[in-house]
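Colleague: Quick one, what's the 3D model for this:
(chains A, B, C and D)
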2 protein chains.
Amino acid sequence: MDKKYTIKDIAQMAGVSKGTVDRVLHNRGKVSPAALEKINEVLNVIDYEPNLIARNLKSTKIYRVCVLLPDPAFDPYWLPCVNGIQDAITEFKAYSVIIETHYFNPESTKSFLKVNETIISQSPDAVLLTPLFHKETVEIIKQYDELGIMVNTFNNQVESSSVKSFVGQDLHKSGRVAASLMNLILNKGQIAIIHIDESLKNAVHMQEKEKGFRNYFDEKELSDFSLTTLKLKYSNIETKFTAFLEENPDLSGIFITTSKAYQIASVLSLATTKKIALIGYDLIEKNVNFLNQGKVHFLIHQNQKRQAYLGVSTLVEHFLFRKEFPDTILLPIDIINSENASFYF
Amino acid sequence: MDKKYTIKDIAQMAGVSKGTVDRVLHNRGKVSPAALEKINEVLNVIDYEPNLIARNLKSTKIYRVCVLLPDPAFDPYWLPCVNGIQDAITEFKAYSVIIETHYFNPESTKSFLKVNETIISQSPDAVLLTPLFHKETVEIIKQYDELGIMVNTFNNQVESSSVKSFVGQDLHKSGRVAASLMNLILNKGQIAIIHIDESLKNAVHMQEKEKGFRNYFDEKELSDFSLTTLKLKYSNIETKFTAFLEENPDLSGIFITTSKAYQIASVLSLATTKKIALIGYDLIEKNVNFLNQGKVHFLIHQNQKRQAYLGVSTLVEHFLFRKEFPDTILLPIDIINSENASFYF
DNA sequence: ACAAAAAATGTGCTCGAACACACAAAATTT
DNA sequence: AAATTTTGTGTGTTCGAGCACATTTTTTGT
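Modeller: Purely as a prediction, here's the structure:
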């Protein structure tokens, strides 16, 4: 039943040559109606699936995929992505695919644009983007589209019909998850939502999380809580956050929308002995240290490694195995505390 | 630099024929010292990796992998495994591998033994076992070993040097995770550890979880808690658990070590209006319903789907790509509440 | 009716590894 | 020294899809 039919088998069954079968399968034309019908009859009965191994052995076309990633040297948040990409490289090394990573400075639009130029000059078949700079990305995507270069994105979403596939998380839901955990630790009091970021490039990201977080409290009508938003930059964390702590002596919980929870935890452990519930994002080393010390209660895992892996493998599998692009891949929102953290590295 | 060398390339470089290179690569002997040295010289300089696609295209050997699984009709816990196995089948359908699933009745040792006989009569290349019945499994594994059939296990561990690889979770740690969550919901009171199982086949499983759970409370010296263990069977849940509730009016938390949390939640929602913290295992439908109703606080996800998938793919990749067996694959202990549950299906 | 063009069909080579087999060159035996 | 075995080496085929090219059949034009 599940015997694997080959083109030769089909040819034999239909009483034609494999060349004709091949032409039908790829509708290359030059086939008489009679032959077409005979072959289609056979194809309707059996269940032909081309042998992908043979196909990829034959194909001489080398696919080029470029990944555009913020340099992890600037922000360790991106470090796991490198491993995810490496996983994909290892998995597909047998095939004729070249996967290349290019870094840009996440603080510099210019750097982003420059690296994109480099990529364009290499004319790859597809690009996986981290669209940190919204406006510039839209422009760049248009360029790629005109050149027939496929574009996928991960981590950040950018609305463009040219983007085939997006890998990321539901940020609104992730805010809700944080809220539900906060609601478990505390049953009343003031909660601060803190955004820490240098530029505004993560604005959408952070806002969505905040919306989700607030949405949970609104929906559950938890009126014993009061929520405050605070925006910080690296340069002013110490002063501004310390001042905030003094102004808000009743603060009992903090939700940090970026991977910088360790910065808050650090200031907090010096400033006060009071126990404040802390929930943040990402399993970067400094965060996990505070998690293990009990200074951070929960971290939400954004699984950048898998995001990057899936971003690449979606593209590669499209080329190699003609797989359809899923519109969106949403990764689970992993809840991490000190007890299960070690399993997620 | 990362040019892919073929056997032909090596032959040319060493000034011999591809046949000789092939004999060296597979040490089939019949090679003169002179030729051997020339080829080894080339191999030392370049970085030869055989093209797995070509190798698998040529090979006519069809690998047979059998999976031995408790029938999901008896316990929906096993349902996701079917999907995991299906994923593996889809992924490897291009290769010459046959993956077959055989079910047994988890309540019947006889059924287990009978299915094993069927499998042995098919003489597969490898078997993935769910070793529910410890004593019988050890015996069976010995048989497989003598027949040269590889054995991997998942879900349950069984100490045997013949088992190449095990996929599962660290149950002790998973008990600790449950404890840490319980400690977050409650800050004092009586906690019941409830084991629900028909036979004793899951005894080790449940005990390890209990040990981990207790270990957490011991280690953190949380003396405001008192822990009680209760063993139930399906037939006596209603009566015995109701009685337990009456005898223990101060009960504030329950940890259920199997996937049967819904049975406790069900009785609980009828017997009392008091809020009792409930933590259980597995995203089976009934559990998730109670999770969404707020009657179960957390579920720990044992990810049987991925367990089964990895169990199969480890075997297949060993045959197809000569991959080494990892001794143990421990899956992360996913913490699930009503907010993030939907992402794990 | 016959040549030329067009359409349809078949043949044969390629990809890289694996292995059977043929053949040659040494190493033994008689 | 000739016959035979052993050892070494190269050649050729296979796997299945894909595609170029050769060949056959049909159609069209004069």
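Colleague: Show residues contacting stretch A:133-145.
Modeller: A:109, A:112-113, A:116, A:120, A:127, A:129, A:131, A:150-151, A:153, A:158, A:160, A:162-163, A:201, A:204 (C-beta atoms under 8 Å, 6 or more residues apart in numbering or on different chains). Using the backbone N, CA and C atoms, a C-beta is placed for each residue, glycine as well.
Colleague: Which parts of stretch A:242-250 count as buried, going by neighbours?
Modeller: A:244, A:245 (16 or more other C-beta atoms under 10 Å in any protein chain shown).
Colleague: Can you show me the CA trace of it as PDB?
Modeller: What follows is stretch A:242-250, C-alpha atoms only, in PDB (Å, rounded to 0.1, in the frame of the first residue of the first chain):
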ATOM      1  CA  THR A 242      15.900  55.000  43.000                       C
ATOM      2  CA  ALA A 243      13.900  58.200  43.000                       C
ATOM      3  CA  PHE A 244      10.900  56.200  41.900                       C
ATOM      4  CA  LEU A 245      11.300  53.800  44.800                       C
ATOM      5  CA  GLU A 246      11.400  56.600  47.300                       C
ATOM      6  CA  GLU A 247       8.300  58.200  45.900                       C
ATOM      7  CA  ASN A 248       6.500  54.900  45.900                       C
ATOM      8  CA  PRO A 249       7.200  53.200  49.200                       C
ATOM      9  CA  ASP A 250       4.200  50.800  48.800                       C
END
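Colleague: which residue sits closest to residue A:291, ignoring its sequence neighbours?
Modeller: residue A:338 (5.1 Å; C-beta to C-beta, 6 or more residues apart in numbering or on different chains).
Colleague: Around the one you found, how many other residues sit close by?
Modeller: Counted with other C-beta atoms under 10 Å in any protein chain shown, the neighbours of residue A:338 add up to 19.
Colleague: next one: residue A:208
Modeller: 19.
Colleague: can you tell me how far it sits from residue B:69?
Modeller: 41 Å (C-beta to C-beta, to the nearest Å).
Colleague: what does residue A:282 give?
Modeller: For residue A:282 relative to residue B:69 (C-beta to C-beta), the value is 37 Å.
Colleague: which SSE is the closest residue to residue A:209 other than its chain neighbours in?
Modeller: The shortest distance from residue A:209 to any non-neighbouring residue, by C-beta to C-beta, 6+ apart, is to residue A:175 (4.0 Å). Per DSSP states H and E, residue A:175 falls inside helix A:171-185.
Colleague: Would you mind extracting the C-alpha trace of that helix into PDB?
Modeller: Below are the C-alpha coordinates for helix A:171-185, written out as PDB (Å, rounded to 0.1, in the frame of the first residue of the first chain):
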ATOM      1  CA  LEU A 171       3.400  39.700  23.100                       C
ATOM      2  CA  HIS A 172       0.000  40.700  24.400                       C
ATOM      3  CA  LYS A 173      -0.500  37.200  25.700                       C
ATOM      4  CA  SER A 174       3.000  37.200  27.200                       C
ATOM      5  CA  GLY A 175       2.100  40.300  29.100                       C
ATOM      6  CA  ARG A 176      -1.000  38.500  30.400                       C
ATOM      7  CA  VAL A 177       1.100  35.600  31.500                       C
ATOM      8  CA  ALA A 178       3.300  37.900  33.400                       C
ATOM      9  CA  ALA A 179       0.200  39.500  35.000                       C
ATOM     10  CA  SER A 180      -1.200  36.200  36.000                       C
ATOM     11  CA  LEU A 181       2.000  35.300  37.700                       C
ATOM     12  CA  MET A 182       2.100  38.600  39.400                       C
ATOM     13  CA  ASN A 183      -1.400  38.100  40.600                       C
ATOM     14  CA  LEU A 184      -0.300  34.800  42.100                       C
ATOM     15  CA  ILE A 185       2.600  36.300  44.100                       C
END
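Colleague: What is the helix or strand just after it packed up against?
Modeller: With elements assigned by DSSP H and E, the helix or strand that comes after helix A:171-185 is strand A:189-196. If contacts are counted by 3 or more C-beta pairs under 8 Å, 6 or more residues apart in numbering or on different chains; DSSP states H and E, strand A:189-196 sits against helix A:203-219, strand A:225-232, strand A:251-256, helix A:261-271.
Colleague: Need the contact partners of the shortest one.
Modeller: Spelled out, that is strand A:251-256. A:175, A:178-179, A:182, A:185-186, A:188-196, A:209, A:213, A:244-245, A:264, A:268, A:276-281.
Colleague: So what's the residue count around residue A:213?
Modeller: 26.
Colleague: wait, isn't it in contact with residue A:175?
Modeller: Yes - between residue A:213 and residue A:175 there is a contact under C-beta atoms under 8 Å: 3.9 Å.
Colleague: which residue does the stretch 201-345 of chain A bring closest to DNA strand D?
Modeller: residue A:322 (8.7 Å; C-beta to the nearest atom of the strand).
Colleague: Helix or strand with the lowest mean pLDDT in chain A?
Modeller: helix A:52-58 (a mean of 89; mean pLDDT, DSSP states H and E).
Colleague: Could you pull out the buried residues of that helix?
Modeller: Those would be A:52, A:53, A:54, A:56, A:57, for helix A:52-58 by 16+ other C-beta under 10 Å.
Colleague: Same check on stretch A:289-305?
Modeller: Those would be A:290-291, A:295-305, for stretch A:289-305 by 16+ other C-beta under 10 Å.
Colleague: one step back: could you pick out the buried ones from the contacts of strand A:251-256?
Modeller: A:175, A:178-179, A:182, A:185-186, A:190-196, A:209, A:213, A:244-245, A:264, A:268, A:276-281.
Colleague: Would you enumerate the residues in contact with residue A:18?
Modeller: A:7, A:8, A:10, A:11.
Colleague: what would these look like in a markdown table with pLDDT?
Modeller: Formatted as a markdown table, the contacts of residue A:18 follow (pLDDT from 0 to 100):
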| residue | pLDDT |
| --- | --- |
| A:7 | 94 |
| A:8 | 94 |
| A:10 | 94 |
| A:11 | 93 |
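Colleague: Is residue A:250 in contact with residue A:190, as I believe?
Modeller: Yes - counting by C-beta under 8 Å, residue A:250 does reach residue A:190; the two are 5.0 Å apart.
Colleague: residues near the one residue in the stretch 101-250 of chain A that gets nearest to DNA strand C, how many?
Modeller: As assessed by C-beta to the nearest atom of the strand, DNA strand C sits closest to residue A:125 within the stretch 101-250 of chain A, at 19.3 Å. Neighbour count for residue A:125, taken as other C-beta under 10 Å: 19.
Colleague: quick one, phi/psi of residue A:162?
Modeller: Geometry field for residue A:162 lists phi and psi as phi -80, psi -20, criterion degrees, to the nearest 10.
Colleague: That one reaches residue A:152, doesn't it?
Modeller: No - counting by C-beta under 8 Å, residue A:162 does not reach residue A:152; the two are 10.2 Å apart.
Colleague: what residues are up against residue A:283?
Modeller: Neighbours of residue A:283 in contact, by C-beta under 8 Å, 6+ apart: A:299, A:301, A:336, A:341, A:344, A:345.
Colleague: make that residue A:237, sorry
Modeller: For residue A:237, the contacting residues are A:196, A:263, A:264, A:267, by C-beta under 8 Å, 6+ apart.
Colleague: Can you show me the helices along chain A?
Modeller: Ranges of helices within chain A are A:7-14, A:18-25, A:33-45, A:52-58, A:79-91, A:109-122, A:134-146, A:171-185, A:203-219, A:242-247, A:261-271, A:285-292, A:304-321, based on DSSP state H.
Colleague: near DNA strand D, which residues of chain A?
Modeller: Applying C-beta under 7 Å from any atom of the strand, we find that chain A lies next to DNA strand D at A:4, A:6-8, A:18-19, A:22, A:25-26, A:50-51, A:54-55, A:57-59.
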